[in-house]
Every structure is written in structure tokens, then in C-alpha cells.
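Peer 1: 3D, please:
(one chain, ligands or ions: 1)
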Amino acid sequence: MISKKQYFHIMNLAKLKTKPKTKCKDCGKELSRRDAKRCRICYGKIQSQRLLKLWKDNNFRNTRIASMLNHFVSETTKEKLRNICIKMRKEGKFNIKPNKSEIILQILLNKLFNKKYKYAGDGKIWIGKKNPDFINKKEKKIIELFGKYWHTGNRINCYADTQKGRIQYFKKFNYKTIIVWEKELKNINKLIRKLLRFNQC
Ligand SMILES: [Zn+2]
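Peer 2: Next comes the predicted model:
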């Protein structure tokens, strides 16, 4: 005698075995797993395309890199990863566009200083190992836009990512730097005064 459970198990197996073999949606290859939609190769292709698409997204990439850096990785590896990332950005591998806050600041800077400060946050200009957000090469001035997310708490990877650290970092290259915090965009008049003061000094 077989139990009810065993009986259903056998019935299910039989059902699965008699089910017609399915083919890969993409290449048409016959599949061994009857519940699969794609073969392993085509599935892999789709997954890597998905990851590549995600990787082009600023936030996704930064979050992934930051979490990798913050956890298991040694200092040497961190440095290596940072260098790879910088190299890729310099080669224009990522299509980085200014975010909303950067666009607002860019408009403000253009109006105040007649396009003296150029947006460089897309990886166009590098000072040492840092890519400044806005730069006035002629007068050697940099304006950095810091968001709370990347520049406070435990997401900071190195001292140069803090307000003081960044100012000191660019100072080594004879650049004067001001940090604009994203939250400061909410009080435009106060921010204008701060920017005017910086521009004069
Ligand atoms: Zn396939």
C-alpha cells in the first residue's frame, strides 16, 4: 500500500514527465527543466544586461560600491576599486548627468557669475583623485555640492569626502573650495550671500 502523500507525489511526477518539453524563449533550444522559460545562457545574458543597465544608474552604482567598500574589503582593495572607478569615469564609461540639485545650483551659479563656474561633476575634470562638481579653473575655485546621504554618517569612505577634508584636499592643488549642502538650496537668498562672499575672496 502507498500513502496518500506518496500517491500524489507519483501523480505529480507523472504529470511533469508527460508535459511537453519547453523551448528557450530566445534561442529555441530544448530545455531540460520544464518549468524554465530560458536556457541558462540566454538567462545569463538577460541578467547581465539588467545589471549593466542598473550599473549605469548613479545611485545603484554608488550604493553597491559603498556597501562593498564598507564591509569585507581591505584598505588596499578599497584603493584599487576607487582607482578602477575613477579610470572608468574618466574614460566616459558612465553616462553621468547632473541631478536635480546640481541643475538648480548650476542655474544659480550661471545667473550670479555669468557662467564662470562650469559643471564638472560628470567626470570631465579631475583634481587629483577627486572630481569636483563646479569649477572655475581661471580663478582656481571649486564649488562642491554635498548631499546628506553621501557626505554624512558611515557612508563616508575617506576623510576627503567630509566637508573639511574636501577643502583641504583641493587646497593641496591650490584651489579654494566651498561646500554647498543640498539643504542650503532651500534658502536661496542665504545661499546667494554665501556664494557671493566666496566668489569675492
Ligand atoms: Zn536560449
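Peer 1: can we go C-alpha only for contacts and neighbour counts from here?
Peer 2: Fine.
Peer 1: Find the residue closest to Trp126 in space, skipping its chain neighbours.
Peer 2: Nearest in space to Trp126, with sequence neighbours left out and distances taken as CA to CA, 6 or more residues apart in numbering, is Pro132 at 6.8 Å.
Peer 1: so is the one you found in a helix, a strand, or just coil?
Peer 2: Following DSSP: H, G, I helix; E, B strand; the rest coil, we place Pro132 in the coil state.
Peer 1: I'd like the distance between it and Glu184.
Peer 2: Distance, Pro132 to Glu184, by CA to CA, to the nearest Å: 18 Å.
Peer 1: Of those two, which one has the most company?
Peer 2: Neighbour count, other CA atoms under 10 Å: between Pro132 and Glu184, Pro132 has more, with 23 against 16.
Peer 1: So the more buried one versus Gly121, what's the distance?
Peer 2: 6 Å.
Peer 1: ok, now Lys87?
Peer 2: 15 Å.
Peer 1: neighbour-wise, which of those two wins?
Peer 2: Set Lys87 next to Gly121 and count neighbours by other CA under 10 Å: Gly121 wins out with 21 against 14.
Peer 1: and the more buried one, which of the three is it?
Peer 2: coil.
Peer 1: Contacts only, for it.
Peer 2: Going by CA atoms under 8 Å, 6 or more residues apart in numbering, Gly121 touches 98, 131-134.
Peer 1: same check, this time on Asn131
Peer 2: Contact analysis of Asn131 by CA under 8 Å, 6+ apart lists 120-121, 123-125.
Peer 1: The chain: strands as residue ranges?
Peer 2: Here the chain has its strands, by DSSP state E, at 118-119, 134-136, 141-146, 176-181.
Peer 1: Show me the one of those that comes nearest Pro20.
Peer 2: strand 141-146 (58.3 Å; CA to CA).
Peer 1: Give the partner strands of the closest one in its sheet and their orientations.
Peer 2: Sheet pairing for strand 141-146, assigned by DSSP bridges, gives strand 134-136 (antiparallel), strand 176-181 (parallel).
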